[in-house]
Every structure is written in structure tokens, then in C-alpha cells.
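In: Need the 3D shape of this:
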Amino acid sequence: MLGASLMAVSSAAAMAQASYSGYFLENYTHRYQLNPALTDTTATTKYFVAMPALGNLNVGMRGNLHLNEVLYNRNGQTVLFTNPQVSAAEALKGIGNRNKIGESAHIDILAAGFEAFGGKNAVTLSVVEDANVMLPGSLFRLAKEGVSNQTYDISDVQANATGYVQLQFNHQRDLGQWVPGLRAGAAFKMLFGLANFDAYLNNAYLELGENQWNAVTNAVVHTNFGNMRYKTKFSEETQQNYVNDIEFDGFGVKGFGIGFDLGATYDWNDFQFSLALLDLGFISWSGTQTASTNGDQSFNTDAFIFGVEGDDAKDEWNNSMKPALYKLYQLHDLGNTGSRTRALRATLNWGVDYEFPYYRPLHFGLVNTTRFNGPFTYTDFRISANVRPVKCFSASANLAAGTYGVGFGWLANVNIKGFNFFLGMDRTFGKLAKQGLPINSNGEINLGMNFPF
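Out: Below you'll find the predicted structure:
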């Protein structure tokens, strides 16, 4: 079950709002999504319309748990790390204390830009999705070693996912008449929640000794998704109903919210400094379906007598031990627990761009992005060389380093009157497994087609 979950998460795609490889490319159409004040100051066009669903497509994933740490090749076959052919030392050498993998999505369904109101504007309709899973290293030890005389604390298991439609209005303008070199931008977002999921293993402590076992669990799951309901089944062992499946009969809007982006750029000599805060806001979700263990559930072998034989031993197992063990993992349907509000995953971007004085089309840039998401918070530093040798073409090559390691990024961008196409990767996918899945959990690919005029 653990292996299947890891493979499912590892195969998922991720999307950022736009490519950070294009952060310093002036003719990259969608960089206003990275900083609402960033614009093409050399553009001869005043308008653009994005290709529906393909105007800005950015796919990838990131994490510190990689496919080659859970799948191994043995005798020409792909096996899980739990396979006996893989030693415990080999299987656990790449497993950290907190193993994280995440995927998200931002697809621009419709987008258009125009000049009005004293500046440049953009209207964007997008679908946004984000999911993250964190698994403690002790969970992998338990899965690999089986029941042994050890203590396992697996309380750090967390998973969350959210999906919503976003209607964004962006405006940017030159403020040089008040502060020379200053440009500011802002975006207002109307958010329509489609789905939200949060699961927490608040407490999961297993002490497995020779003479006694002690265990405590505490878990809760919150779900907002269409007309979804938990299905329950009666347990003969615990004499209670427990959640064993879900059912739903249609999709629908389950939440409403608002968000803001704020940004500014400042030009000084051959430098441009930029700063932006993105996704400041929230979604209020309704009709939360909650399942829980109903607080701590515990199991302790001290409560039982093991020196029995025959029917007495069978009765001891069926009447005492078995129900207590089942209660450790059975979730109870708490029904509709009302509404709850969840903050957006805010992002801080800042950058410095240097225009090479001996060849003006060449720029060198440093940009940092930090995404705030509780235990899934990450940061990246990216240093880049960006060139625009002719007016209609620009390209970037960059190196990124941060929470999830080092990577190489690039982007090529063609922008002429009437047509714009870009293709690149913020983190280049490396070697692929036989199944076509990336060995490394970090990679993003960005492409888009737009029509400027």
C-alpha cells in the first residue's frame, strides 16, 4: 500500500504559475504572473490573446523522495524497497527523517492582455491545483523491517490537496513621474473552490518489544469535494461503523475566496530590482466531510494475559486483542462538520537583473522564490544568463539550488507580432525509469502559445 501510494504521487504532474526561467526575459508574455509589475518594456504590441488551455502550460514536480529510493532493479525486474532481495541498509540509506513530494497545477484556460487605465492589464482564467505528501523515515523502516523490537514514531504523516478556478485581473503602471525608475503592479483574484483534502496523522507511536506492545494513534481527514460522502461498514470486531470507502454523485463549487498579488520593480543604472508577494488570500470551504479516530486510540499488551491455550487463547484474541488493534486504524464518519477557511499558499519572489554594459541584449539575473506551505515550505535560488540577440527571440540558461537540491533550467522564447511561442524547463528532467517516470522527483516543463498584436 505504501509503495503504491508513492508511485501514484511520483507520477503526478506539477505546475507553477509561470516559468522562472523566463523571469528576466522581457518578451516572455506571462511573467506578470511571477511579479505583477514585470512587463515587456520594449514591446511594439499592445495586446495579446492566449491559445485556450495552451497559452501557459507548466508541468513538473518537486520533492526530496525520489523514485530510485523506493524502486530497485533486481534480476531484470522492478521491485519495491520492501522486496527481500533489497537489503535494509540499501533500502533505507536514501530515506530521510521527513520525506516530501509535491505536485501542483496552474493551467491558463483563457488569457488576454491590453493597454488601458494608464497602464498594462491582463485578464486570466486559470485552473489551479496543488498536492503534497510527507512521510517520516520511521514509516519506511517499519515497512522494510517488519515487526521487530523497536520503537516507531510515524506521527509526521501529512497529505493535502486543493483545486480551484481562478479569475485574475492584473494591472501594472509606470510610477516614474513620482519615483524615477519605479514600476508597480497588482492583481485581484476571484477564487472558486472545487476540491480540498487534508489528512493528518496527529499521533502514531508504536513500541514493539519482546514482552509488550504499546501503540497510540490519532488521525483526522477533512474533505470538500462535490457531493462526496464517506461510506461506512459495520465492524464485527469493534461493534462500530467505520469508513471503508467514499461515494460522490457530481462535482460543484465547494468554496469561495479572494486573493491578491503585489509587486514592484526599480531601475537603477544597469540594475533592475524586483519584489513580489503572490497569492495573499484564502478560500472558505463549505460542507466539510470529516472522518476521525475520535481522539487517541491505544493498544497495550499489559491489558491481556498470554499464558493461555486452546479456546481460552482464541477467546482472548477475538474478544480483547483483535478489537483493540482494529480501533487503531478505523476512522469514523463524523458527517458534515460545516465550513472551514484555508489560506492560499503564498509565494515571495525577489530578483536582481544586471544589464551587461558592453552587450546590452545580455542580462545576468538572480531570483529567489520561497513558497510558504507549513512543513512543505521550500525556497529556490536561481542564477541565469539571459540573451535577446534579435528583437523576436530570447533565451535563458540558469542554475537553481535550494530546498530540493540543484537543477538546470532553460527557456527559449519566440515573440513576433501576431505569434508567440515558448518552451523550457525550470528543472530539467533527468533519467527516466522503464515505466517512463522520472528517476528524480524534481522537474518542470513550460510551454505556451499566444497571439500578440
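
In: Near the nearest residue to residue 332 once chain neighbours are set aside, how many residues? Count them for me, please.
Out: In this structure, residue 332 finds its nearest non-sequential neighbour in residue 294, 5.5 Å apart by CB to CB, 6 or more residues apart in numbering. For every residue, glycine as well, the C-beta is placed using N, CA and C. Residue 294 is flanked by 15 other residues according to other CB atoms under 10 Å.

In: so residue 294 sits right up against residue 333, yeah?
Out: No - contact criterion CB atoms under 8 Å: residue 294 and residue 333 do not qualify, at 10.6 Å.

In: Buried residues, stretch 394-410. List them.
Out: Using 16 or more other CB atoms under 10 Å as the test for burial, stretch 394-410 gives 394-396, 398, 400, 402-405, 407, 409-410.

In: In strands, which of those fall?
Out: Those of those mapping onto strands are 394-396, 398, 400, 402, 405, 407, 409-410, per DSSP state E.

In: can you point me to the longest strand in the protein?
Out: Longest strand in the chain by number of residues (criterion: DSSP E): strand 182-208.

In: Adjacent strands (with direction) for it?
Out: With DSSP bridges as the test, strand 182-208 is paired with strand 151-153 (antiparallel), strand 158-174 (antiparallel), strand 213-225 (antiparallel), strand 255-268 (antiparallel).

In: chain center to the longest one: distance?
Out: Just to be clear, that refers to strand 158-174. Mean-position distance between strand 158-174 and its chain equals 14 Å (CA atoms, centre = their mean, to the nearest Å).

In: average pLDDT for that strand?
Out: When pLDDT is averaged over strand 158-174, the result is 95.

In: Equivalent analysis for the third one, please.
Out: Summarised as a single mean, pLDDT over strand 213-225 is 89.

In: Which SSE is immediately downstream of that strand?
Out: Later in the chain than strand 213-225, the nearest helix or strand by DSSP states H and E is strand 229-235.

In: Please name the strands paired to the following helix or strand past that following strand in the sheet, noting orientation.
Out: Proceeding N to C from strand 229-235, the next assigned helix or strand is strand 240-247, under DSSP H and E. Strand 240-247 sits in its sheet next to strand 229-235 (antiparallel), going by DSSP bridges.

In: The strand it pairs with: which residues count as buried?
Out: Neighbour-count burial for strand 229-235 flags 229-230, 232 (criterion: 16+ other CB under 10 Å).

In: how much space is there between the residue nearest to residue 332 and residue 236?
Out: For residue 294, the distance to residue 236 equals 19 Å [CB to CB, to the nearest Å].

In: closest to residue 283 among the buried residues of stretch 394-410?
Out: Among the buried residues of stretch 394-410, residue 403 lies closest to residue 283 (CB to CB), at 25.2 Å.

In: which residues touch the helix or strand containing residue 386?
Out: Per DSSP H and E: residue 386 is located in strand 378-390. Residues from elsewhere that reach strand 378-390, judged by CB atoms under 8 Å, 6 or more residues apart in numbering: 20-21, 23-27, 62, 361-371, 394-404, 409, 426.

In: The buried residues of stretch 394-410: which two are farthest apart?
Out: Greatest spatial distance among the buried residues of stretch 394-410 (CB to CB): 394 and 403, at 28.4 Å.

In: For the residue nearest to residue 160 when sequence neighbours are not counted, which residues are in contact?
Out: Spatially, and ignoring its direct neighbours in sequence, residue 160 is nearest to residue 198 (4.9 Å; CB to CB, 6+ apart). Residue 198 sits next to 159-160, 221-222, 342 when contact means CB under 8 Å, 6+ apart.

In: now swap in residue 180 and tell me
Out: For residue 180, the contact set (CB under 8 Å, 6+ apart) is empty.

In: show me where the protein has helices.
Out: According to DSSP state H, the chain carries its helices in the segments 2-10, 88-92, 137-145, 310-316, 322-327.

In: Would you single out the least confident of the ones you listed?
Out: helix 2-10 (a mean of 39).

In: so residue 428 sits right up against residue 411, yeah?
Out: No - using CB under 8 Å as the test, residue 428 is too far from residue 411 to be in contact (11.1 Å).

In: ok, those two, which is more surrounded?
Out: Remark: of residue 428 and residue 411, residue 411 carries more neighbours, 25 against 16, as counted by other CB under 10 Å.

In: Model confidence for the closest residue to the more buried one other than its chain neighbours, exactly?
Out: In space, and not counting its chain neighbours, residue 411 is closest to residue 424: 2.9 Å by CB to CB, 6+ apart. With respect to pLDDT, residue 424 scores 95.

In: gap between residue 424 and residue 445?
Out: Between residue 424 and residue 445 the computed distance is 7 Å (CB to CB).

In: Give me the more crowded residue out of those two.
Out: residue 424 (26 against 19).

In: That one: what's it in contact with?
Out: Counting by CB under 8 Å, 6+ apart, residue 424 touches 19, 21-22, 396, 409-413, 445-447.

In: Closest one of those to residue 68?
Out: residue 445 (20.3 Å).

In: so what's that closest one up against?
Out: 58-60, 423-425, 429.

In: Reformat those as CSV; add distance to residue 385.
Out: Output for the contacts of residue 445, formatted as CSV (distance: CB to CB, whole Å):
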residue, distance to residue 385
58, 21
59, 24
60, 22
423, 18
424, 14
425, 16
429, 21
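
In: which intervals of the chain have sub-threshold pLDDT?
Out: The chain contains residues with pLDDT under 70 at 1-16, 40-45, 147-149, 209-211, 301-327, 432-437.

In: picking up where we left off before, tell me which of the strands paired with strand 182-208 sits nearest to residue 111.
Out: Closest to residue 111 of these is strand 158-174 (CB to CB; 8.7 Å).

In: Going by neighbour count, which residues in that closest one are buried?
Out: Of the residues in strand 158-174, those buried (16+ other CB under 10 Å) are 158-164, 166, 168, 170-174.
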